[in-house]
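Colleague: Sequence first, then the predicted structure:
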Amino acid sequence: MIEGIRFRDELAASVGRWAYECCHCIVKMGTGGVSISYECAACGNTNLRFIHTLENIDTGRQIEVGIECAALLVSPDDCDLPRLAENETRRKERWRREKYHTPGRCTTTVDDLMNRGKL
């Protein structure tokens with residue numbers, strides 16, 4: 001257990017060995033807005049609205065986790081990336097839903113954060 005989060009055994013040993021890839025959410029129109037049906041690969045939480053994709057530095061394996069697990073699994077230098085990416089994805093989701101009225105996937109990568117001056 002790390003800071004109140006119970007990681008699956010195979011991931012507990014790999015803390016700090018994950019690179020942050022992106023954050024995404026799926027917007028569905030006419031069904032209440034967003035889809036919440038993912039499971040965190042690190043702790044098993046099933047109430048995820050925003051999905052954070054991490055890639056293992058050693059093996060190249062990718063996992064999808066929630067924001068708390070993402071912040072703990074990446075290196076300490078990158079622990080702010082999940083929060084920044086989720087905020088940007090939330091902004092994109094709001095625009096897609098309220099301005100463009102279109103369903104789809106909203107994604108934010110590290111490059112997107114750099115281009116918007118967030119990093």
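Modeller: Nice, I can see it.
Colleague: which regions of this protein sit below the pLDDT cut-off?
Modeller: Applying pLDDT under 70 to the chain flags residues 1-5, 31-36.
Colleague: remind me, longest helix of it?
Modeller: If you go by DSSP state H, the chain has its longest helix at helix 81-94.
Colleague: residues of that one that come out buried?
Modeller: Leu81, Pro82, Leu84, Ala85, Glu86, Glu88, Thr89, Arg90, Lys92, Glu93 (16 or more other CB atoms under 10 Å). Any C-beta I mention is one placed from the backbone N, CA and C, and that applies to glycine too.
Colleague: And that helix, what does it pack against?
Modeller: With contacts taken as 3 or more CB pairs under 8 Å, 6 or more residues apart in numbering; DSSP states H and E, helix 81-94 sits against strand 18-28, strand 51-56, helix 67-73, strand 104-109, helix 110-115.
Colleague: repeat that for 6 Å
Modeller: When contacts are defined as 3 or more CB pairs under 6 Å, 6 or more residues apart in numbering; DSSP states H and E, helix 81-94 sits against strand 18-28, helix 67-73, strand 104-109.
Colleague: hey, C-alpha coordinates of the first one in PDB?
Modeller: So the one you mean is strand 18-28. Provided in PDB are the C-alpha atoms of strand 18-28 (Å, rounded to 0.1, in the frame of the first residue of the first chain):
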ATOM      1  CA  TRP A  18       6.400   4.700 -15.700                       C
ATOM      2  CA  ALA A  19       6.400   7.400 -18.300                       C
ATOM      3  CA  TYR A  20       3.300   9.600 -18.700                       C
ATOM      4  CA  GLU A  21       1.700   9.300 -22.100                       C
ATOM      5  CA  CYS A  22      -1.800  10.900 -22.100                       C
ATOM      6  CA  CYS A  23      -5.100  11.500 -20.500                       C
ATOM      7  CA  HIS A  24      -8.400  10.900 -22.200                       C
ATOM      8  CA  CYS A  25     -12.200  10.700 -21.700                       C
ATOM      9  CA  ILE A  26     -15.100   9.700 -24.000                       C
ATOM     10  CA  VAL A  27     -17.900  12.100 -24.600                       C
ATOM     11  CA  LYS A  28     -21.300  10.600 -25.400                       C
END
